[in-house]
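Engineer: I'd like to go over a predicted model; first the sequence, then the structure.
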Amino acid sequence: MHNAQVSSDRAMTPAGGRTPAPWGLGDGQAIPWEYAPAPEARDVVRLKERYGLFIDGREREASDGGTFVSIDPSTEEPLAAISKATPADMDRAVRAAVRAGRRSWGSLPGRERAKYLFRIARILQERSREFAVLETMDSGKPIKESRDVDIPLAAAHFWYYAGWADKLEYAFPGRVARPLGVAAQIIPWNFPLLMLAWKIAPALAAGNTVVLKPASTTPLSALLFADVCRQADLPPGVVNIVPGPGDVGMALVMHKDVAKVAFTGSTEIGKRIQKAVAGTDKVLTLELGGKAANIVFEDAALDQAVEGIVNGIYFNQGEVCCAGSRLLVQESVADDLVGRLKDRLSTLRVGDPLDKNTDVGAINSKAQLERITELVASGQAEGAELFQPACDLPERGYYFRPTLFTNVAQSHRIAKEEIFGPVLSVLTFRTPDEAIEKANNTAYGLSAGIWTEKASKVFAMVQALKAGVIWANTFNRFDPTSPFGGYKESGFGREGGMHGLHAYVRLEDR
Ligand code: NDP
């Protein structure tokens, strides 16, 4: 009944002599019972057949009438046609944002800007179910994640930055914080509404106006957000949402009236943007890829660590820049931990993202699925050993089984490149120094995790790890008050917290 499975090392060599899991699973075995389907209703979302660009408070067609289609990656069915912006549309959006800054937003007292942000936060909460279902339909992420993580956190960012809007003088004591002007914001497809909130909330709190380009595979929650802006009576032009392809994103970045560029996406495009703005006075923040090490010491609580590892790499199908994609485990507990991890993987439910039981939903696009498939094939070709639990995958849609590789060498592509999929590479270490060396042996520097009972070990590791965010005995925890960002090829600048506000102001002496 189950699709083809790949043999695992445990089948041949029982992991450290461990007894089988209490529910009787062996390697590659599926859980022996079925959950009743628990589908979330689709009809809380009223999909339009066609969405325009949101410029100057109004919905408009693209200047050349062009459109593209956004599809549901869980079924490959089209969801809606979206106007595809041209460089002329980007120009129109930037000019609207300039006017809005001059006319209203730039000179509005902070306490008035705060009221709009509070209003947006409240509307997001009121419409959270609609946003969660739409986000899941457009992106493929499980409904339990969009419902419990993406949408609540997006609202929380607006609440948080609403609180700062009238307190800039306390955020930057002794200085006068001035808005930069028009912010060009380009966001990816892995957390569409959340990335929008990370970018728009601090920009507006600081008095900037915004032109935002969503990713072409996930434009719908940003376009629904345009409706929230209208509902909140936000002055026209303060927020403009302009979907379009990458080269139109570059036209936005290069527009002469754009003062600030905030980009989240691949390192490759981040580098291109950095080159493009070099020599201009545009302020730039880049939040790019990652290849985080999740480090488990022998004194860690292993069952807790297993949950953290699963959350670290299979949350959002592993399409997370800070995903814990490299597991570094101390050799003395490696067999035990990997055995527990395989058992846990066998309980993950892969399938319809709108089903409330689903743990791993659909991969965002065909292109991304192909990239994951290619990198996993490279792992096998280079000699790593693959384990995947048995599970049926839906016949249509872009799905990939949760995957774990053992026997991984640091030189393997799966240990070096960002896979952006549900694929974990397991490496081992003997001493803390070896763990540090391996963890830092990457071009990236976004995040890391440490699992140990010893706080002293945590503090020593934190000093030595070159990563912007380090979690101890947990993973993938986000909070609007906490800055997030990377080193090296993971980019620069911070989003979240007061640091996130700093990225949107020019500080002058009193
Ligand atoms: P991209 O970096 O291409 O996309 C991110 C955003 O940038 C999208 O809005 C995209 O638009 C836009 N964009 C694309 N080209 C340009 C350009 N020349 N100038 C300005 N903006 C541009 O990521 P991909 O979607 O291609 O994903 C490829 C890989 O990147 C993934 O496999 C993953 O490894 C990594 N990635 C990392 C992310 C992170 O959060 N760090 C997020 C997404 C991807 P459009 O959608 O229209 O192409």
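Structural biologist: Thanks, I have it. Numbering: from 1, shown residues only.
Engineer: and for Val248, the neighbour number?
Structural biologist: Using other CB atoms under 10 Å, Val248 has 21 neighbouring residues. C-betas here are computed from N, CA, C, even on glycine.
Engineer: can you pull the contacts of it?
Structural biologist: Going by CB atoms under 8 Å, 6 or more residues apart in numbering, Val248 touches Lys84, Ala85, Thr86, Pro87, Asp89, Met90, Lys213, Val242.
Engineer: so which bits of the stretch 51-200 of the chain are right by the ligand?
Structural biologist: Neighbours of the ligand within the stretch 51-200 of the chain, by CB under 6 Å from any ligand atom: Ile186, Ile187, Pro188, Trp189, Asn190.
Engineer: can I get the residues you listed in JSON lines with secondary structure?
Structural biologist: Shown next, in JSON lines, are these (DSSP: H, G, I helix; E, B strand; the rest coil):
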{"residue": "Ile186", "secondary structure": "strand"}
{"residue": "Ile187", "secondary structure": "coil"}
{"residue": "Pro188", "secondary structure": "coil"}
{"residue": "Trp189", "secondary structure": "coil"}
{"residue": "Asn190", "secondary structure": "coil"}
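Engineer: from the residues you listed, which is closest to the ligand?
Structural biologist: Pro188 (3.2 Å; CB to the nearest ligand atom).
Engineer: surely the closest one touches Ala262?
Structural biologist: No. Pro188 is not in contact with Ala262 according to CB atoms under 8 Å; the separation is 11.9 Å.
Engineer: so between those two, which is more surrounded?
Structural biologist: Remark: of Pro188 and Ala262, Ala262 carries more neighbours, 27 against 22, as counted by other CB under 10 Å.
Engineer: average pLDDT for the helix or strand containing that one?
Structural biologist: Using DSSP states H and E, Ala262 maps to strand 258-264. Across strand 258-264, the average pLDDT comes to 98.
Engineer: how about the helices in the stretch 201-350 of the chain?
Structural biologist: In the stretch 201-350 of the chain, the segments counted as helices under DSSP state H, counting those that start in this stretch are 220-231, 246-254, 267-277, 302-314, 331-345.
Engineer: out of those helices, which gets nearest to the ligand?
Structural biologist: helix 246-254 (2.4 Å).
Engineer: and the angle for that closest one with strand 258-264?
Structural biologist: Helix 246-254 runs at 140 degrees relative to strand 258-264, counting by axes from the mean of the first three to the mean of the last three CA atoms, to 10 degrees.
Engineer: ok, helix 246-254 near the ligand or not?
Structural biologist: Yes. Judged by CB under 6 Å from any ligand atom, helix 246-254 comes into contact with the ligand at Gly246, Asp247, Gly249, Met250, Val253.
Engineer: give the buried residues for stretch 254-265.
Structural biologist: If you call a residue buried by 16 or more other CB atoms under 10 Å, then stretch 254-265 has these buried ones: Met254, His255, Val258, Ala259, Lys260, Val261, Ala262, Phe263, Thr264, Gly265.
Engineer: isn't the second one right up against Met90?
Structural biologist: Think His255. Yes. Using CB under 8 Å, His255 is in contact with Met90, at 6.5 Å.
Engineer: how far away is the closest residue to Pro243 other than its chain neighbours from His499?
Structural biologist: Closest residue to Pro243 apart from its sequence neighbours, by CB to CB, 6 or more residues apart in numbering: Pro219 at 4.1 Å. As judged by CB to CB, to the nearest Å, Pro219 and His499 stand 28 Å apart.
Engineer: more crowded one of the two?
Structural biologist: Pro219 (27 against 15).
Engineer: need the contact list for that one.
Structural biologist: Listed by CB under 8 Å, 6+ apart, the contact set of Pro219 reads Tyr51, Ser70, Ile82, Asp138, Pro192, Pro243.
Engineer: and the closest residue to Ala334 other than its chain neighbours, what pLDDT?
Structural biologist: Excluding the flanking residues, the one nearest Ala334 by CB to CB, 6+ apart is Thr428, at 4.9 Å. Taken from the predicted model, the pLDDT recorded for Thr428 is 98.
Engineer: same question, Pro32
Structural biologist: We have a pLDDT of 65 for Pro32.
Engineer: swap in Tyr35?
Structural biologist: With respect to pLDDT, Tyr35 has a value of 84.
Engineer: can you verify it is assigned to a strand?
Structural biologist: No. Tyr35 is assigned coil when assessed by three-state DSSP, not a strand.
Engineer: show me what Arg178 is bridged to.
Structural biologist: For Arg178, the beta-bridge partners are Arg506 (DSSP bridges).
Engineer: do I have it right that it meets Glu508?
Structural biologist: Yes. Counting by CB under 8 Å, Glu508 is a contact partner of Arg178 at 6.1 Å.
Engineer: so between those two, which is more surrounded?
Structural biologist: Using other CB under 10 Å as the criterion, Arg178 and Glu508 rank with Arg178 on top: 15 against 10.
Engineer: for that one, what are its contacts?
Structural biologist: By CB under 8 Å, 6+ apart, the contact set of Arg178 is Gly207, Val505, Arg506, Leu507, Glu508.
Engineer: show me what contacts the fourth one?
Structural biologist: With contacts taken as CB under 8 Å, 6+ apart, Leu507 has the following neighbours: Phe172, Arg175, Val176, Ala177, Arg178.
Engineer: ok, 10 Å please
Structural biologist: Applying CB atoms under 10 Å, 6 or more residues apart in numbering to Leu507 gives the contacts Leu168, Ala171, Phe172, Gly174, Arg175, Val176, Ala177, Arg178.
Engineer: check it and give its pLDDT.
Structural biologist: If you check Leu507, the pLDDT there is 97.
Engineer: nearest residue to it in space, ignoring adjacent ones along the chain?
Structural biologist: Arg175 (4.3 Å).
Engineer: from the ligand, how far off is the one you found?
Structural biologist: Remark: distance between Arg175 and the ligand (CB to the nearest ligand atom, to the nearest Å) = 31 Å.
Engineer: using CSV, list the CA coordinates for stretch 61-81.
Structural biologist: The C-alpha trace of stretch 61-81 is given here as CSV (Å, rounded to 0.1, in the frame of the first residue of the first chain):
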residue,chain,number,x,y,z
GLU,A,61,-4.6,46.6,-13.8
ALA,A,62,-1.0,46.3,-14.9
SER,A,63,0.0,49.0,-17.4
ASP,A,64,0.2,46.4,-20.2
GLY,A,65,-2.7,44.4,-18.9
GLY,A,66,-0.5,41.4,-18.1
THR,A,67,-1.5,38.8,-15.5
PHE,A,68,0.0,35.6,-14.0
VAL,A,69,-1.7,32.8,-12.2
SER,A,70,-1.1,31.7,-8.6
ILE,A,71,-1.7,28.0,-8.0
ASP,A,72,-2.5,25.9,-5.0
PRO,A,73,0.7,23.7,-4.6
SER,A,74,-1.3,21.0,-2.7
THR,A,75,-3.5,20.3,-5.8
GLU,A,76,-1.8,22.2,-8.7
GLU,A,77,-5.1,23.9,-9.3
PRO,A,78,-5.1,27.6,-10.2
LEU,A,79,-6.4,29.9,-7.5
ALA,A,80,-6.6,33.3,-9.2
ALA,A,81,-5.2,35.5,-11.9
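Engineer: got the buried residues for that stretch?
Structural biologist: Ala62, Ser63, Phe68, Ser70, Ile71, Asp72, Pro73, Ser74, Thr75, Leu79, Ala80.
Engineer: out of those residues, which two are the most distant from each other?
Structural biologist: The span of these, defined through CB to CB, is set by Ser63 and Ser74 at 32.9 Å.
Engineer: near the ligand, which residues of the stretch 351-500 of the chain are found?
Structural biologist: Counting by CB under 6 Å from any ligand atom, the residues of the stretch 351-500 of the chain close to the ligand are Gln368, Arg371, Glu418, Phe420.
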